[in-house]
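S.K.: here is my input, please return the structure:
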Amino acid sequence: MLVVAFLISPASAQGVNSAEISVQLSTGSKSVKYVSFHPSEQVELKPVLAENKVGCTESLQSMADRQQGIAAINGSFFNAYDQKDLQPMGNIMIDKIMLHYRGGPTTLGISPNNILSFISSTDIKICGGINGSRQWPNNWYAWFINHVPNSTQEIVIFTPSFRQPHLKLPGFTLIVVSNGKVTAIQSEQAVIPAQGFIIAIGGSQQNQEIISRFQVGDQAEYWMEFPRTESNLIHSLSAGPKLLTRGQVDIDFAREKITDPKLVTYAGQRSFIGYKADGTVIMGTVSDVTIQELAEVLLKLALTEAMNLDGGASSGLYYKGHYMTAPGRDISNSLILVPSSRTPGISVNGQQITFSEAKPFIQHGTTMVPVRGVFEALGADIEWINETSTVVARRRDTTIILPVGDPFAEINGTRKEMQQAPINKDGHVYIPLRFVSEALDATVQWNEKSYMVNITCAATAHLYGGQKTSPMLL
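M.R.: Numbers count the residues shown, from 1 in each chain. Alright, predicted model coming up:
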């Protein structure tokens, strides 16, 4: 893989902070405890499952400590009153893998670089395909992931993240998929493959035709479909209701199908997460408030977008080794703020590049990011010359020669000095992004708020090109 670098001015670090304050409402003074951070900090906000399994519980402190977390807050609702259940009520996605899905009023989406969004959970779909086809009659769907069904009308996917590998579901047909292939079709009982999943299809009449689509030996896959504007989410967690939208109270219990009087009517301990207009994220707890009062408190804190998290005895806030608000019980999941080597995102003509193997890093003030896709998006052909450890990039009538370890490159035969010499690190070549992009007639801008390198290039020629003559380019 080719990797390039871009010089960025240091982020205006605000740090991770905590506070305990009183907010005055017309109904009285409310105690607020919160942790705040800006997305530009060297941190990552992500969900964490108790015991790394669906249907288990663990203390908030334990989850935070095993992740080496700076701060933590309780996450989605869960069935705390049945020790044989303990399942979450919403969706939880970690590193683009949906570990649990059963709706939930509002979903918190977390994009690269801690950019938060709030979307309707009903806009998220579970889709499947057979033998490489995603069209009828090879398409299929599921209702939920890793959640024990309540009726034989349901179709549920179970993965190794479920609390136990052995499934016993009376009235269900279990399609066992291992390493992408259907290995068995069994009634009521099966073991979840370590490298696979089970599709549990209820025996209702409406499901019989879907069951008939699967045969042993078929290839089977599934994927999540998010709204197009949320296609780059890496984490998600649902709870609710939504509290604020664009700086206004936005509570609609009917819209989110919330009827529990603990949420609709009563006051209690609450947890929340949201952000201000400048992107600063605030997560915290407020004691003895109704949902309406909670929204009013957050307006006083100048939040523009926010949602409610699980509350009551589950409500907890942890910061730097100590509880600010101690939960009254172990919980099913949480949101943890962990240290991270923060690196910029990269977009070319508005399309964000996704990285896989090589990871970004900063060296001597220069941010190094893996961007094989950038050269391709710019329409450049890439060649690696192993004998001389040299990268050659070609686009139209421009040829750039970049020898590893040499701070001088050649552009159409003319030597030019770069900000950083290309280096070979862990089997990957890193070269300066601004230098190469501008040599290919592209413009480069840095967006501090989104922590994004935005490259604009007119009329790119193609998406993929170049000669892959070495594994270093793979």
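S.K.: distance between the ends of stretch 138-154?
M.R.: Taking C-alpha to C-alpha, to the nearest Å, stretch 138-154 runs 19 Å from one end to the other.
S.K.: average pLDDT for that stretch?
M.R.: Average pLDDT, stretch 138-154: 96.
S.K.: now what about it, what contacts it?
M.R.: 54-55, 85, 87-88, 91, 98-102, 125-131, 133, 155-159, 161-162, 169, 171-172, 199-200, 202-204, 206-207, 210, 213, 222 (C-beta atoms under 8 Å, 6 or more residues apart in numbering). For every residue, glycine as well, the C-beta is placed using N, CA and C.
S.K.: give the PyMOL command for selecting the buried subset of those.
M.R.: Only the buried entries of these go into this PyMOL selection, using 16 or more other C-beta atoms under 10 Å:
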select buried, resi 54+55+87+88+91+98+99+100+101+102+126+128+129+130+155+156+157+158+159+161+162+169+172+199+200+202+203+207+210+213+222
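S.K.: okay, and which of the contacts of stretch 138-154 map to helices?
M.R.: Ile210 (DSSP state H).
S.K.: can you list which of the contacts of stretch 138-154 are found in strands?
M.R.: 98-100, 125-130, 155-158, 169, 171-172, 199-200, 202, 222 (DSSP state E).
S.K.: and this protein, what are its domains?
M.R.: Structural domains of the chain, as assigned by automatic domain parsing, span the residue ranges 2-9+343-473, 38-124+228-339, 125-225.
S.K.: any idea of the mean pLDDT in the first one?
M.R.: In this model, domain 2-9+343-473 carries a mean pLDDT of 73.
S.K.: by residue count, tell me the biggest helix in this protein.
M.R.: If you go by DSSP H, the chain has its longest helix at helix 291-300.
S.K.: show me what the helix or strand following it is packed against.
M.R.: As assigned by DSSP states H and E, the chain's next helix or strand after helix 291-300 is strand 303-309. Applying 3 or more C-beta pairs under 8 Å, 6 or more residues apart in numbering; DSSP states H and E, we find strand 303-309 packed against strand 115-120, strand 235-239, strand 242-245, strand 268-276, helix 291-300.
S.K.: what's in contact with the second one?
M.R.: When you say that, I think you mean strand 235-239. So strand 235-239 is contacted by 45-47, 75-77, 90-95, 98, 103-110, 121, 124, 307-310, 333, 335 (C-beta under 8 Å, 6+ apart).
S.K.: the helices and strands packed on strand 303-309 into a markdown table, with extra columns for mean pLDDT, mean neighbour count and distance to Thr398?
M.R.: Listed next are the helices and strands packed on strand 303-309 as a markdown table, based on pLDDT from 0 to 100; neighbours: other C-beta atoms under 10 Å; distance: least, C-beta to C-beta, whole Å:
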| stretch | mean pLDDT | mean neighbour count | distance to Thr398 |
| --- | --- | --- | --- |
| strand 115-120 | 93 | 19 | 34 |
| strand 235-239 | 96 | 27 | 40 |
| strand 242-245 | 98 | 22 | 47 |
| strand 268-276 | 98 | 23 | 42 |
| helix 291-300 | 98 | 21 | 52 |
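S.K.: would you format those as TSV with distance to Arg66 included?
M.R.: Shown next, in TSV, are these (distance: least, C-beta to C-beta, whole Å):
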stretch	distance to Arg66
strand 115-120	24
strand 235-239	17
strand 242-245	30
strand 268-276	21
helix 291-300	30
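S.K.: of all these, which one comes closest to Leu402?
M.R.: Nearest of the helices and strands packed on strand 303-309 to Leu402, taken as C-beta to C-beta: strand 115-120 at 32.0 Å.
S.K.: give me the contacts around the closest one.
M.R.: By C-beta under 8 Å, 6+ apart, the surrounding residues in contact with strand 115-120 are 39, 45, 106-111, 226-227, 230, 233, 242, 245, 273-275, 279, 281, 305, 307, 450.
S.K.: where's the residue nearest to Gln189 when sequence neighbours are not counted relative to His100, distance?
M.R.: If the residues on either side of it in the chain are set aside, Gln189 comes closest to Lys168, at 5.1 Å by C-beta to C-beta, 6 or more residues apart in numbering. Counting by C-beta to C-beta, to the nearest Å, the separation of Lys168 from His100 is 19 Å.
S.K.: ok so, going back, of the contacts of strand 235-239, select the buried ones using a PyMOL command.
M.R.: Buried members of these, defined by 16+ other C-beta under 10 Å, are picked up in PyMOL with:
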select buried, resi 45+46+47+75+76+77+90+91+92+93+94+98+103+104+105+106+107+108+109+110+121+124+307+308+309+310+333+335
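S.K.: ok, Asn79 touching Gln87?
M.R.: Yes. If you go by C-beta atoms under 8 Å, Asn79 and Gln87 touch, sitting 5.6 Å apart.
S.K.: which strands or helices does the helix or strand containing Asp65 pack on?
M.R.: Element membership of Asp65 [criterion: DSSP H and E] is helix 60-66. Judged by 3+ C-beta pairs under 8 Å, 6+ apart, helix 60-66 is in contact with strand 71-74, strand 317-319, strand 333-339.
S.K.: among those strands, which is the most enclosed?
M.R.: Each of the helices and strands packed on helix 60-66 was scored by mean neighbour count; the highest is strand 71-74, a mean of 28, by mean count of other C-beta atoms under 10 Å.
S.K.: mean confidence score for that one?
M.R.: Taken as a whole, strand 71-74 carries a mean pLDDT of 98.
S.K.: hmm, who's touching it?
M.R.: Applying C-beta under 8 Å, 6+ apart, the contact partners of strand 71-74 are 16, 18, 35, 37, 48, 60-61, 63-64, 271, 273, 283-285, 309-310, 314-320, 327, 331, 333-337.
S.K.: can you do 6 Å?
M.R.: Applying C-beta atoms under 6 Å, 6 or more residues apart in numbering, the contact partners of strand 71-74 are 35, 60, 64, 271, 283, 310, 314-319, 331, 334-337.
S.K.: and the residue nearest to Ile119 when sequence neighbours are not counted, what is it in contact with?
M.R.: Counting by C-beta to C-beta, 6+ apart, Thr107 is the residue found nearest to Ile119 once chain neighbours are left out, at 5.1 Å. The contact partners of Thr107, by C-beta under 6 Å, 6+ apart, come to Ile119, Ser121, Ser236, Ser238.
S.K.: just to revisit the earlier point, which one of the helices and strands packed on helix 60-66 lies nearest to Thr390?
M.R.: For Thr390, the closest of these is strand 333-339, at 36.4 Å, according to C-beta to C-beta.
S.K.: which strands or helices does that closest one pack on?
M.R.: Other elements packing on strand 333-339 under the criterion 3 or more C-beta pairs under 6 Å, 6 or more residues apart in numbering; DSSP states H and E are strand 43-49, helix 60-66, strand 71-74.
S.K.: reformat the ones you listed as JSON lines; add distance to Thr183.
M.R.: Listed next are the helices and strands packed on strand 333-339 as JSON lines, based on distance: least, C-beta to C-beta, whole Å:
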{"stretch": "strand 43-49", "distance to Thr183": "27"}
{"stretch": "helix 60-66", "distance to Thr183": "34"}
{"stretch": "strand 71-74", "distance to Thr183": "39"}
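S.K.: for Ser26, find the nearest of these.
M.R.: Closest to Ser26 of the helices and strands packed on strand 333-339 is strand 71-74 (C-beta to C-beta; 27.0 Å).
S.K.: what lines up beside the next helix or strand after that closest one in the sheet?
M.R.: Using DSSP H and E, the helix or strand that follows strand 71-74 in sequence is strand 92-94. Neighbouring strands of strand 92-94 in its sheet, by DSSP bridges, are strand 97-100 (antiparallel), strand 235-239 (antiparallel).
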